[in-house]
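In: Please find the sequence and the predicted model below.
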Amino acid sequence: MKQAISKAAEIQVSYHPNHTTKPVIRNSDEALFHLLKFFPEATISLQERFVVGYLNRANRLIGVYEVSKGGITGTLVDIRLVISVALKVAATSILLAHNHPSGNTQPSESDKKLTGKIKEACKLFDINVLDHIILVAGGTYFSFAEEGCL
């Protein structure tokens, strides 16, 4: 029995916050401003990406994590990664963002379903989903929060 336990991998959890002033996110325009830099201009119309912004209780942006990078028509988002990063950085709210290489800002049915699944998962941990932004080249975007879709 003792030998089996010694073969288990050690798990360490750590949090090293950046002590610089973190921006406060008050609306979708501010969220877009801070998240847009994670969508390279050279590939925003070619390759879909999904990023999550993590915020503290004061709506200060703790950091941004690229959850996935896919192809021309989609990307796979593992909700467990979204939640695990939120827990690791002690986030109380999150912002979801992804791009549509097609140039169409309207959410697809799969975008709506994914948003709902992430929102339900976050409820279990008292984490708020503040918005899900779909952006395209040129800075045009769709905000789930602004459109009352959350």
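Out: Perfect, I can see it now.
In: C-alpha only now, for contacts and for neighbours.
Out: Fine.
In: Run through the strands of this protein in chain order.
Out: With DSSP state E as the criterion, the chain has strands at 49-55, 61-69, 93-99, 128-135, 141-143.
In: Now tabulate those strands in CSV and tack on mean neighbour count, distance to K117 and mean pLDDT.
Out: Output for the strands of the chain, formatted as CSV (neighbours: other C-alpha atoms under 10 Å; distance: least, C-alpha to C-alpha, whole Å; pLDDT from 0 to 100):
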stretch, mean neighbour count, distance to K117, mean pLDDT
strand 49-55, 25, 15, 95
strand 61-69, 18, 15, 92
strand 93-99, 25, 12, 96
strand 128-135, 23, 11, 96
strand 141-143, 21, 17, 95
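In: Export these as TSV, with columns for distance to T43.
Out: Listed next are the strands of the chain as TSV, based on distance: least, C-alpha to C-alpha, whole Å:
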stretch	distance to T43
strand 49-55	10
strand 61-69	11
strand 93-99	10
strand 128-135	13
strand 141-143	16
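In: Go through these and name the closest to Q106.
Out: Nearest to Q106, of all those, is strand 141-143, at 6.5 Å by C-alpha to C-alpha.
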